[in-house]
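Student: Sequence isn't available, so here's the structure alone:
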């Protein structure tokens with residue numbers, strides 16, 4: 001397909017909002033819309049209307065992709081390929097995302113996790129630039145991890161679910177049962193934003209800076225980073241999400257990780273923690289950017305490396321609806 005004539009469509013499907021976008025071959029956003037994530041009928045209906053209207057106004061899409069919360073079925077030979085599977089988000093279990101949008105967009109389609117797409121966005125425009133292997137972690141409503149290995153999102157038989165690993169209990173946190181409906185006290189069940197609220201009785205952002213909950217949270221996130229360090233050995237771990245907006249959270253995680261690594265392995269002893277545990281810098285639309293890049297790759301069989309020359313432009317406001325990168 002000639003890349004000069006590309007028209008790309010994508011969705012960043014999150015637990016609180018769907019960001020829908022149309023972009024040209026250079027990643028410049030032509031049209032976008034923010035839709036609240038409520039029940040599937042309303043959210044998917046509003047997204048469908050957006051792409052149907054865009055098709056009528058702008059012409060047919062060249063490719064379309066979705067970066068979604070999960071778990072997802074990403075094995076193309078699976079009978080439920082393209083579906084959200086056993087998500088704890090009420091009402092969204094077994095929703096067929098690709099099946100829903102296929103007759104609407106009428107173009108080649110792809111799907112990946114929201115965190116893998118955000119990692120692609122960080123690779124193009126943020127803290128992952130120039131790196132071949134890194135991890136992107138988000139800590140908010142849930143905990144997800146995207147992996148870029150040799151410059152491309154990692155998949156395998158299906159996507160990783162690192163948020164559901166089990167870790168040793170942090171000191172002083174022996175009694176909280178966790179909130180994961182499947183595992184109870186897995187990492188997400190202990191350390192996502194809703195878990196902090198359930199443990200302390202108030203939203204995390206209302207805890208004072210000296211509250212012991214922050215050290216407990218940092219211990220669990222450092223445990224995640226230690227596991228990623230030993231298993232993946234990334235060049236960098238980028239951590240985003242609302243929980244990380246707390247004062248000194250990055251430094252707390254860095255200090256706790258240094259203790260957990262315990263001086264093991266010379267290459268880890270030489271890590272510069274200020275650089276190794278990094279803040280995401282690709283912006284709030286990194287997931288949509290990554291999903292659009294995935295659409296570009298679906299259309300052309302290559303990643304849009306020319307996008308790194310000029311950052312895609314996003315409108316200052318979006319309309320609202322209540323209903324190997326190589």
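Tutor: Structure received. Worth saying up front: this structure is predicted, and the values here are computed from it rather than measured. Numbering: from 1, shown residues only.
Student: tally of neighbours for residue 210?
Tutor: Taking other CB atoms under 10 Å as the criterion, the count of residues near residue 210 is 7. Bear in mind the C-beta positions are built from the backbone N, C-alpha and C, glycine included.
Student: Quick check: the gap between it and residue 246.
Tutor: Distance of residue 210 to residue 246, given as CB to CB, to the nearest Å: 12 Å.
Student: before we move on, what about residue 102?
Tutor: The value you get for residue 102 to residue 246, if CB to CB is used, is 41 Å.
Student: More neighbours: which of those two?
Tutor: A direct count of neighbours by other CB under 10 Å for residue 102 and residue 246 places residue 246 higher, at 19 against 14.
Student: how far away is the residue nearest to that one when sequence neighbours are not counted from residue 275?
Tutor: Using CB to CB, 6 or more residues apart in numbering and skipping the chain neighbours, the partner closest in space to residue 246 is residue 214 (6.2 Å). Using CB to CB, residue 214 is found at 22 Å from residue 275.
Student: Buried residues of stretch 171-186, list them for me.
Tutor: Neighbour-count burial for stretch 171-186 flags 173, 176, 178-180, 185-186 (criterion: 16 or more other CB atoms under 10 Å).
Student: With secondary structure as extra columns, can I get the residues you listed in TSV?
Tutor: Below are those laid out as TSV (DSSP: H, G, I helix; E, B strand; the rest coil):
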residue	secondary structure
173	coil
176	coil
178	coil
179	coil
180	strand
185	coil
186	coil
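Student: rewinding a little: tell me which of residue 214 and residue 275 has more neighbours.
Tutor: residue 214 (20 against 10).
Student: Looks to me like residue 77 is in a helix.
Tutor: No: assigned with three-state DSSP, residue 77 falls outside any helix and is coil.
Student: and the gap between it and residue 293?
Tutor: 25 Å.
Student: Likewise for residue 266?
Tutor: From residue 266 across to residue 293, the span is 36 Å (CB to CB).
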